[in-house]
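**Q** task: produce atomic coordinates for the following.
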Amino acid sequence: MKKKLLLSLIVNFSGFLIAVEQNVTLVSKNGHEFTIPKKAALFSQVIKNMVGKSPGKKIEKIWLAYDDQALQNITSILSDLDLQLQKQLYERLKKKELIQRDDGELIAKNLQGLVNTVLMRQGKTAVIHFINACNTLEIPSLINAGAKIYIEKNPPTRPWKNLIWLLKEDFPQELFIYFKKHFMLRKAGAKEELSIADYIALYGQPKVIMIGSTTKISLEINLNNKKITSLFGLDQIKNAEKIKSLKLSSNFILGNKNDPEFPERPFKNFTKLEYLWLTENLLKSITPQNFIGANQLKELRLEGNPLTRRTQDRLRYHFPIRTTSVKI
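**A** From the prediction side, this is the model:
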């Protein structure tokens, strides 16, 4: 009875928030207005900065140099996203799909559905304008989702080098990493994105297994075959300093040059890590600096990755054979 009452209060309170929330109007270069909840507009770092510069001033209209279609698409997605977030507390208690993680970031695979609904039936030009507008507004999660749609509308039947020439006509170079990520994931057969952070938000902390004999027990985390695409969020794993074996094989993990969210030091908390398996992934590049913190590493396995020759040489040079076995 108490649980039902609590759920009812949360739903009613969420509805109250939606009703009273302050709105912001975005004005296109053609003078047309698009109204969205202020909280939704604040997903844009640019708008957040504008509001932050005038904390005591009520900002109702923001003029932006984008066409109607781009702004309509952005405001539609952000408004839908806002409604999803309003329901989050209720959804959590019902153990339904989440759209936002505890760290405030959005779960890529669940956000993608909202973006697909708006953009998938639209033409290439609308997608291009949407991505560029999101770039100027500084909304990385929507840039990423838009890039996935762009690649789906332009399937990777040709080499990446050829696709670059198409991208150069429509996008600034700093966005290429988003397209390359989705190019590689689609080519490898990955249907959805799933970072470590997203995995934890959806399924909880990874299970820790005790391995070894009764006299010498070690702790292991096995995330083989979980369809993970990014190491982002490894620092959210609890008690990482106690783990001696970490298995991340047979996933779709991308390297530091193909993943915009790739952590600079993903293994920094795994200070007692001795065995690290990253076999059968999509790693082309990973540097010795990415392993800072894992100073007790005895075995590093990277077989089955498309590592560049330079990456292989750097890893072999960095990890002396007498201390670490590197299998490439």
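
**Q** show the pLDDT at residue 267.
**A** What the model reports for residue 267 is a pLDDT of 95.

**Q** repeat that for the one 3 residues further on.
**A** With respect to pLDDT, residue 270 has a value of 95.

**Q** and the helices in the protein?
**A** 2-20, 38-41, 45-53, 68-86, 88-94, 108-119, 124-137, 140-153, 160-170, 176-188, 196-203, 309-318 (DSSP state H).

**Q** so which of those helices is nearest residue 259?
**A** helix 176-188 (5.9 Å; Cβ to Cβ). Bear in mind the C-beta positions are built from the backbone N, C-alpha and C, glycine included.

**Q** pull out the buried residues from that closest one.
**A** By 16 or more other Cβ atoms under 10 Å, the buried positions in helix 176-188 come out as 176-185.

**Q** same deal with stretch 218-227?
**A** Quick answer for stretch 218-227 (16+ other Cβ under 10 Å): 218-223, 226-227.

**Q** of the buried residues of helix 176-188, which is the nearest to residue 209?
**A** Nearest member of the buried residues of helix 176-188 to residue 209, counting by Cβ to Cβ, is residue 185, at 28.3 Å.

**Q** distance of the closest one relative to residue 169?
**A** 23 Å (Cβ to Cβ, to the nearest Å).

**Q** same question for residue 81.
**A** 30 Å.

**Q** and these two? which has more neighbours close in?
**A** residue 81 (23 against 7; other Cβ atoms under 10 Å).

**Q** list the residues that contact the more buried one.
**A** Contact analysis of residue 81 by Cβ atoms under 8 Å, 6 or more residues apart in numbering lists 40, 43, 99, 106, 111, 114.

**Q** ok, back up a step: the buried residues of stretch 218-227 in strands, which ones?
**A** Counting by DSSP state E, the part of these found in strands is 218-222.

**Q** closest to residue 241 out of those?
**A** Distances from residue 241 to these, taken by Cβ to Cβ, are shortest for residue 219, at 10.2 Å.

**Q** isn't the closest one up against residue 209?
**A** Yes: Residue 219 lies in contact with residue 209 (Cβ atoms under 8 Å); the separation is 7.2 Å.

**Q** wouldn't residue 110 be in contact with residue 85 here?
**A** No: counting by Cβ under 8 Å, residue 110 does not reach residue 85; the two are 11.3 Å apart.

**Q** between these two, what contacts are shared?
**A** By Cβ under 8 Å, 6+ apart, the residues touching both residue 110 and residue 85 are residue 99.
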